[in-house]
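[1] here's my sequence, what's the structure:
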Amino acid sequence: MQKALHYDLDYPSMAHVFILSPSGGILQGDRYRMDVELRNNAISHITTQGATRIYKMESNYATHMVTLNLKDNSYLEFIPEQIIPYKNSRFYQKTNLQIDDSSTVVYSETIVPGRIAMGEMFDFDLCYLKTEGKINDRVQFRDSSLLSPKMQKIQSLAMFDDKTILTSVYILTKKHVTKVNDMINELFSHTQNISGGSSILPNDSGISIRILGNSSEDQKITIYEILKIIRKEILPEYL
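    Alright, predicted model coming up:
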């Protein structure tokens, strides 16, 4: 991890942290685990230095287990770069979001169809992304994206249609849920080149957002437009 930076003049107390990897990507048989904990009024934005590349696999598979644990009036934006599953790769990721009712976590994940410049388009074997959210140790939601292109019609109307990139954003919080959800849906009514929607999670425990598009840059811009809304409506509670 890079030393925390405080370069945002609008939010000088926010620690910006980059997760660095010495490897070129994830290989068959790899088992990664990441645990992040914030407490005591901590405010942070965490991202990665580049995309997560999942290499071709002749046998076995790779996993990535992520736990984000927030306590005592803490706020976290965990916004990694996109996941790129190469041809014939198999990848499973489980993300656990755990907060108390005074804290807020924003988490995103973006999956692209492969190395498009090399002619890959949904040529991976399996990409399974699973997310679970808990508040005060009680499960509020479980969500899964299971993509198996060799067994599914990925670009059917019921799945991606004419889009190729999927982003999911989860906001686990008890603060201003309805207002933020309405503002995000209003944002989607004015966007071009992407399709998206926002809905309130069970028990008013936060917000779930799906974004479909054909440009990873458009997806990233949209994520940060959503962050602008969250920072305006929720982040002031922590400053």
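[2] list the contacts of the spatially closest residue to Arg90 that is not a sequence neighbour.
    Using C-beta to C-beta, 6 or more residues apart in numbering and skipping residues adjacent in sequence, the residue nearest Arg90 is Tyr61, 3.8 Å away. C-beta: built from backbone N, CA, C; applies to glycine. Applying C-beta atoms under 8 Å, 6 or more residues apart in numbering, we find Tyr61 in contact with 28-29, 90-92, 126.
[3] elements contacting the helix ranked longest in the chain?
    In the chain, with assignment by DSSP state H, the single longest helix is helix 216-233. In this structure, helix 216-233 makes packing contacts with strand 104-111, strand 165-172, helix 177-188, strand 194-200, strand 206-213, judged by 3 or more C-beta pairs under 8 Å, 6 or more residues apart in numbering; DSSP states H and E.
[4] show me the shaky parts of the chain.
    In the predicted model, the chain carries pLDDT under 70 at residues 157-158.
[5] the residue nearest the centre of it: what's it in contact with?
    Nearest to the geometric centre of the chain sits Ser108, at 1.6 Å (C-alpha atoms, centre = their mean). Contacts for Ser108 (C-beta under 8 Å, 6+ apart) come out as 78-80, 167-170, 223.
[6] between those, which sits nearest Arg142?
    For the contacts of Ser108, the residue nearest Arg142 by C-beta to C-beta is Tyr170; the value is 11.1 Å.
[7] what separates the closest one from Leu5, distance-wise?
    According to C-beta to C-beta, to the nearest Å, Tyr170 stands 25 Å off from Leu5.
[8] the two: who's more crowded?
    Between Tyr170 and Leu5, Tyr170 has the larger neighbour count (other C-beta atoms under 10 Å), namely 22 against 12.
[9] I'd like to know how many residues surround the nearest residue to that one once chain neighbours are set aside.
    In this structure, Tyr170 finds its nearest non-sequential neighbour in Tyr107, 4.9 Å apart by C-beta to C-beta, 6+ apart. Tyr107: 21 surrounding residues under other C-beta under 10 Å.
[10] Tyr107 reaches Thr131, doesn't it?
    Yes - Tyr107 lies in contact with Thr131 (C-beta atoms under 8 Å); the separation is 7.3 Å.
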